[in-house]
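S.K.: Sequence plus the predicted model coming up.
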Amino acid sequence: MQTRDMRVQARGITQNVLAGGPADGTPVLLVHGNCSSADFWAPLVRRLPDGVRVVAPDLRGYGRSETAPVDATRGLRDFADDVAALLDNRDVFPREGPVVLVAHSMGAGVAMHLLADHPGRFSAVLLAAPVSPYGFGGTRDLDGNPTTADFAGTGGGAANPDFVARIQAGDRSADAPTSPLSVLRSAYVADPASLGADEELLLDTVLSTAIGDDNYPGDAKAAPSWPGMGPGDRGVLNTMAPNHFNVAEALVGAGSKPPIVWVRGDRDAIVSDTSLFDLAYLGSIGAVPGWPGDDACPPQPMVGQTRAVLQRYAANGGRFREVVYENCGHSPHIERPAEVTGELLQLISTGSL
């Protein structure tokens, strides 16, 4: 499918939106994750049939959208409200009616806000490697209870500063484990070969990330608990800190509950019960010094939390299905594009699981 850029004014910022397909086609909204952009969906979009109307916005501070501050105290709602403002724009979505919602990683947290705050607007949902409904880091059990009262080890200070600096410098090399290209190859996917001819395009999406306290990674504050820093109130990583982002109850209690297909890879290095981006897990394997032990600071059970919340979603009138791909990492739509496209087309055609 061919797409084109649209420039849309909404909520005081200019959003760039990739759009393709016929005006009367089934509307599909694609929400990308952190350190990427709408172009990260390219391997999926090219496999969609011509009868689908695709809308893929660049979130604020990513891709070709305007860079605007992110208020982390609202969780991911700055992003969600930007996306929601597109739903009634008839240049973007010419066809009225509910939309099929597809989201990846952090974007799935955006999608959870959309489901809770805009009931009835979505007919079906596909979540790929979603962030836990309890946020990223700093919770100890399937109920999302905080590890410490100060939420230490989460938020803007948890980012690797060399990775951040290399994004800001536009580094396209693979000369260090923390270069954007190395991280793309080692963390975004399980097999670097799966990036294929899209590697440069996908690297472009990582490098499009706006850097700063108001964007990625955000600010940080000192905390008394290990590892000595906690979440700030500005910027991207703080939007997913558990003091700011906890949508479990809102998702379970959503006024309408479209069917959800949850796809993930069994070798995901980012959203996992053994996440290499969770400081508690890194401490447990000796990669971050001073870890106070499993009782005081256990790794976050990210996958288990999502499963437990979706089971409650189903018990309260919704439906979900979990699909796990073997030898697949954090980006199933890149590593298993045909299979993920098949799941999406089934949702589009039947609305069933």
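M.R.: Now that the structure is in, tell me what you want to look at.

S.K.: Please tell me how far Val131 sits from Ala222.
M.R.: Distance from Val131 to Ala222, counting by CB to CB, to the nearest Å: 25 Å. Quick note: C-beta positions are derived from backbone N, CA and C, even for glycine.

S.K.: typo on my end, Leu29
M.R.: To Ala222, Leu29 is 39 Å away according to CB to CB.

S.K.: How about Tyr281?
M.R.: For Tyr281, the distance to Ala222 (CB to CB) stands at 22 Å.

S.K.: Quick check on the residue most central in space within the chain: phi, psi?
M.R.: The residue lying closest to the centre of the chain (CA atoms, centre = their mean) is Met106, at 1.9 Å. For Met106, the backbone dihedrals (degrees, to the nearest 10) come out as phi -60, psi -40.

S.K.: How about the contacts made by it?
M.R.: By CB atoms under 8 Å, 6 or more residues apart in numbering, the residues touching Met106 are Gly33, Asn34, Leu76, Val131, Val236, Thr239, Met240.

S.K.: Excluding chain neighbours, give the residue nearest to the first one in space.
M.R.: Spelled out, it's Gly33. Distances taken as CB to CB, 6 or more residues apart in numbering put Ser105 closest to Gly33, at 3.0 Å, once the chain neighbours are dropped.

S.K.: ok, which stretches of the protein are helices?
M.R.: For the chain, applying DSSP state H gives helices covering 42-45, 77-84, 106-117, 161-168, 180-183, 199-207, 236-239, 248-252, 279-284, 302-315, 332-335, 337-350.

S.K.: What is the neighbour count of Asp204?
M.R.: 17 (other CB atoms under 10 Å).

S.K.: contacting residues for it?
M.R.: Asp204 makes contacts with Ser37, Asp39, as judged by CB under 8 Å, 6+ apart.

S.K.: One more: Leu207?
M.R.: Going by CB under 8 Å, 6+ apart, Leu207 touches Ile167, Gly170, Asp171, Arg172, Pro180.

S.K.: Please repeat the previous calculation with a cut-off of 7 Å.
M.R.: When contacts are counted by CB atoms under 7 Å, 6 or more residues apart in numbering, Leu207 touches Ile167, Gly170, Pro180.

S.K.: Quick check: the gap between Val70 and Arg90.
M.R.: Here the criterion is CB to CB. By it, Val70 lies 28 Å from Arg90.

S.K.: which of those two has more neighbours?
M.R.: The neighbour count for Val70 versus Arg90, taken as other CB under 10 Å, is higher for Val70 (26 against 9).

S.K.: so that one touches Asn215, yeah?
M.R.: Yes - Val70 is within contact range of Asn215, at 6.1 Å (criterion: CB atoms under 7 Å).
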